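Chemist: One predicted model, sequence on top.
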Amino acid sequence: MKKKLLGITAFAAALTLSTGITAFAGTWKEDSWGRYYENDNGTRPVYGGWFTDPADGAMYAMDPDGYVMRNAEMGEFRTDDMGKRIEKTEAELRQEEERRAHLATRPNPGKSQAAASVAASAAKNGASTTATGTVRTTFQAEMEEFSFKIMKDIRDKRTDTTIRPVENEDNTVHTYGFKNPDGYQFLSSTTWKNTKEDSINYKPYSYELCYHFDSAMADIALYNEAYNQMAIIALGSNAGPAALEAIQVERNNGSASFDQSGSTDTGNAYNVKYRNGLVTITVTCSGVDPTAAAQEAAPAENAEAAEDAAPVEEAAPTSKVLVAGQKAAEDAE
């Protein structure tokens, strides 16, 4: 019944605006419970929301019983001692805009996960041929998809099936690779997920490619090609071949030990370590991992986090009046 009456009132208000005839009218009244607005037919136009006075366009906060809420809060606005909404000043509006801009720059785990999913999909479907992510989670999602494709291709092409494929995954690491019948893993492509520095499994880098030249018991050319492909995918179509060539030059010169560092095509940092036929390439993303930042930010040590949480408490309309009528509630106090 209340919804039907509200619909009739809204129609009457629209009729007044369109014809100029005073069809919508009402009166401010007050009783022992408080101040309220009453239509000519005895109904109240708003319960638990904002009411616009048809006489002057001022907005008033009304409690669930239709009484004015004085010196209270309704959502993000306040009311004065008459219950009228206090409009925000230019300074307040500017501060809110600055705050929104600041929050937009803060790490967002949800957005990070969405970006990682998009990047992984591009790698899986062939839309990208090298990893492009500069944030840890995105880069790792790409490398895992690329690793799966490359290693599966090698598995299908190998002639010696005694060389076994490897896939290990837990909450700290994800590894693809191959090992000889004796158990020695000569090729591995690994993403290190743990980002907490005090963790026993912490690695400062996001990705690691390891390959021991000429250690495979068969199909060596096939595994060499897998190593070359993964290096180019991780470092980029420019930095990857350059790093591979530098490694090969050192090997041809008989070097037993070789180190090199540089930047990938997308600006991530990479390091090459070569020791007696074993090469290790690691990539450290230049971006900050939003998930790690969110996990490691302690509420007691992060004032901004506590501040950012405040609007959540104010999201629903609130008032100091939660019972029928404002005046009675104030008298009870």
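Modeler: Received, thanks.
Chemist: Doesn't Trp28 belong to a strand?
Modeler: Yes. Under DSSP: H, G, I helix; E, B strand; the rest coil, Trp28 sits within a strand.
Chemist: you'd agree it is up against Asn39?
Modeler: No. Here Trp28 does not reach Asn39: they are 11.5 Å apart, not a contact under C-beta atoms under 8 Å. C-beta coordinates here come from the backbone N, C-alpha and C atoms, glycine included.
Chemist: Output stretch 206-224 as CSV, nothing but the C-alphas.
Modeler: Provided in CSV are the C-alpha atoms of stretch 206-224 (Å, rounded to 0.1, in the frame of the first residue of the first chain):
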residue,chain,number,x,y,z
SER,A,206,59.8,-14.3,-10.3
TYR,A,207,61.1,-16.9,-12.8
GLU,A,208,64.0,-19.2,-13.3
LEU,A,209,65.1,-21.2,-16.4
CYS,A,210,67.8,-23.9,-15.8
TYR,A,211,69.5,-26.0,-18.5
HIS,A,212,72.5,-28.3,-18.3
PHE,A,213,73.9,-28.4,-21.8
ASP,A,214,74.5,-31.9,-23.4
SER,A,215,73.1,-33.7,-20.3
ALA,A,216,70.1,-35.2,-21.9
MET,A,217,70.6,-38.9,-22.8
ALA,A,218,68.8,-38.4,-26.1
ASP,A,219,67.2,-35.8,-28.3
ILE,A,220,69.7,-33.2,-27.3
ALA,A,221,68.9,-30.9,-30.2
LEU,A,222,65.2,-31.0,-29.1
TYR,A,223,66.0,-29.9,-25.6
ASN,A,224,68.4,-27.2,-26.8
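Chemist: which residues are contacting that stretch?
Modeler: 136, 139-140, 143, 154, 157-160, 162-163, 177-178, 180-181, 184, 186-192, 227, 230-231, 234, 251, 268, 277-285 (C-beta atoms under 8 Å, 6 or more residues apart in numbering).
Chemist: Going through these, which ones are buried?
Modeler: Neighbour counting with 16 or more other C-beta atoms under 10 Å marks 136, 139-140, 143, 154, 158, 163, 177-178, 180, 186-192, 227, 230-231, 234, 268, 279, 281-285 as buried within the contacts of stretch 206-224.
Chemist: Please identify the buried residues of the host helix or strand of Asn224?
Modeler: Secondary structure assignment for Asn224, by DSSP states H and E: helix 220-235. By neighbour count on 16+ other C-beta under 10 Å, the buried set for helix 220-235 is Leu222, Tyr223, Ala226, Tyr227, Gln229, Met230, Ala231, Ile232, Ile233, Ala234, Leu235.
Chemist: who's in contact with the closest residue to Asp219 other than its chain neighbours?
Modeler: In this structure, Asp219 finds its nearest non-sequential neighbour in Arg158, 5.0 Å apart by C-beta to C-beta, 6 or more residues apart in numbering. Contacts for Arg158 (C-beta under 8 Å, 6+ apart) come out as Ala218, Asp219, Leu222.
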